[in-house]
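**Student:** Predicted structure and sequence below. I'll ask about it afterward.
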Amino acid sequence: MNTLESYVFRQALGPLLAILAALAAVALLTQGLDRLSLIAANRNSGFAFAWVTILALPQLVSLILPLAIYFAVAYAINRMHNESETVVAYSAGVSHGRLAKPILRLALAAAVVHLGVVLLVQPAAYREIRETIYEVRGDVAASLVREGSFTFPAEDLTVYARERGPNGEMRDMMIHDARPTRPITYNASRGAVAMVDGKPAIIMRDAQVQRQLEDGTVQVVDFDQYLLELGDFSVDSELFYLKPSDRFLLELVAPDHTNYFDQRNVDRLLAEAHYRLSSPLLDPALALIALAGLLGGEFSRRGYARRLVIASVTALLVRLAALAIQAECVDNPELNPLQYALPLLVCAGAGWMLVFAHPRRPSRRALKRRQTELAAAGAGA
């Protein structure tokens, strides 16, 4: 790139990074609040909360990147208009194409990054989120017992411990299990939570088990060590299968037909695969909308507010239409080609408007008038 193209590229790149960071921060905040209840309920470390929130970034970036590119390009070109930089460029013989070229390079580079994120980074990050949430929810030592309080980790199950010791050890425990036909009460001087065969359990030491018999008497049995399995109440069943967002491209286009979830969601998986491949095309499409709105058409000394509003509404509608088409393709897989057709048609239409629809540069009289105004303003300063 020459000096002018490098300058225009930087003018769009800076706002793109700033807008992307701002939108990602807002999206992360909403995601973080969504996950906060899970972490707080399990009294887990702040690191787990932060890690899960950060891992949600790839999908958020893929959602907001097209709009971020549009706003960055619109801001950069509008600022250059307002500061008469485009007028100076036109007077030096620079064409629309030379001004648009670095913007399109930025949009194509963003599309390549976008494609890498949705195909590789996003599924890897979401699998890590799944594992982290599984560990958090499996950490029943943090969620079952609050020191000096009765807790109810599952229906008909009550747990109490006088205090928590080091390494998660619980002292002076009482557990009342009303899940069996005849309730059972456990008392133990010490206990700890562990995962046994992938399921949470409490290992009690110096334990006493009290069980009511059919004749109404109470059977009391002492144990040096007793293992109480807690079941799967702390594990979400959704953690046991990979959602479309967790899968790599090959797993989406070639699902396991022996898997019950895959059998019922073949169309959904296919729609996700086409969305991942087509969504990067929105980056150059929305960049071209901004270019067509601000560089296409007649030169105006009064600004481009009206064009900017029209271009912004168009860009937003295109982004929403892409999401709507993807949702519709879940139930109608024959509509999947529309996921590619929409951004390609937008690229063609915006490109035609930029190049052919209107005169490509201001008239010489308008340029001379604007140069005179700039010179007068400089002399007055």
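**Tutor:** Yes, it's here. Numbering: from 1, shown residues only.
**Student:** okay, and for the stretch 201-350 of the chain, where does confidence drop off?
**Tutor:** Along the stretch 201-350 of the chain, segments meeting pLDDT under 70 span 230-241, 297-303.
**Student:** Start from the N-terminal end of it and give the strands.
**Tutor:** Along the stretch 201-350 of the chain, counting by DSSP state E, counting those that start in this stretch, strands occupy 218-229.
**Student:** same check, this time on the stretch 51-200 of the chain
**Tutor:** 150-154, 157-164, 170-177, 184-196, 199-212.
**Student:** got the CA positions of the longest one in PDB?
**Tutor:** What follows is the C-alpha trace of strand 199-212 in PDB, where atoms were taken according to Å, rounded to 0.1, in the frame of the first residue of the first chain:
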ATOM      1  CA  LYS A 199     -20.600 -39.100  40.400                       C
ATOM      2  CA  PRO A 200     -20.500 -36.900  43.500                       C
ATOM      3  CA  ALA A 201     -20.400 -38.700  46.900                       C
ATOM      4  CA  ILE A 202     -19.700 -37.900  50.500                       C
ATOM      5  CA  ILE A 203     -17.100 -40.000  52.300                       C
ATOM      6  CA  MET A 204     -17.900 -39.900  56.000                       C
ATOM      7  CA  ARG A 205     -15.600 -41.100  58.800                       C
ATOM      8  CA  ASP A 206     -16.700 -42.100  62.300                       C
ATOM      9  CA  ALA A 207     -20.200 -42.300  61.000                       C
ATOM     10  CA  GLN A 208     -23.500 -43.400  62.400                       C
ATOM     11  CA  VAL A 209     -26.400 -44.400  60.200                       C
ATOM     12  CA  GLN A 210     -30.000 -44.300  61.700                       C
ATOM     13  CA  ARG A 211     -32.600 -46.100  59.700                       C
ATOM     14  CA  GLN A 212     -36.300 -46.600  60.600                       C
END
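**Student:** Could you export the strands of the stretch 51-200 of the chain as a markdown table, including distance to residue 296 and mean neighbour count?
**Tutor:** All C-beta spots, glycine's among them, are computed from the backbone N, C-alpha and C. Converted to a markdown table, the strands of the stretch 51-200 of the chain look like this (distance: least, Cβ to Cβ, whole Å; neighbours: other Cβ atoms under 10 Å):
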| stretch | distance to residue 296 | mean neighbour count |
| --- | --- | --- |
| strand 150-154 | 63 | 13 |
| strand 157-164 | 68 | 18 |
| strand 170-177 | 70 | 18 |
| strand 184-196 | 63 | 18 |
| strand 199-212 | 63 | 18 |
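**Student:** Which among these is found nearest to residue 121?
**Tutor:** strand 184-196 (29.8 Å; Cβ to Cβ).
**Student:** Find me the pLDDT at the residue nearest in space to the middle of the chain, would you?
**Tutor:** The structure's the chain has its C-alpha centroid closest to residue 60; by Cα atoms, centre = their mean the separation is 2.7 Å. Residue 60 carries a pLDDT value of 85.
**Student:** so how many other residues sit close to the residue nearest to it when sequence neighbours are not counted?
**Tutor:** Using Cβ to Cβ, 6 or more residues apart in numbering and skipping residues adjacent in sequence, the residue nearest residue 60 is residue 27, 4.3 Å away. By the criterion of other Cβ atoms under 10 Å, residue 27 has 17 neighbours.
**Student:** Same check on residue 338?
**Tutor:** Neighbour number of residue 338 under other Cβ under 10 Å is 18.
**Student:** How about the one 3 residues further on?
**Tutor:** Taking other Cβ under 10 Å as the criterion, the count of residues near residue 341 is 14.
**Student:** ok, it to residue 349 distance?
**Tutor:** Using Cβ to Cβ, to the nearest Å, residue 341 is found at 12 Å from residue 349.
**Student:** Check residue 122 too.
**Tutor:** Distance from residue 122 to residue 349, by Cβ to Cβ: 29 Å.
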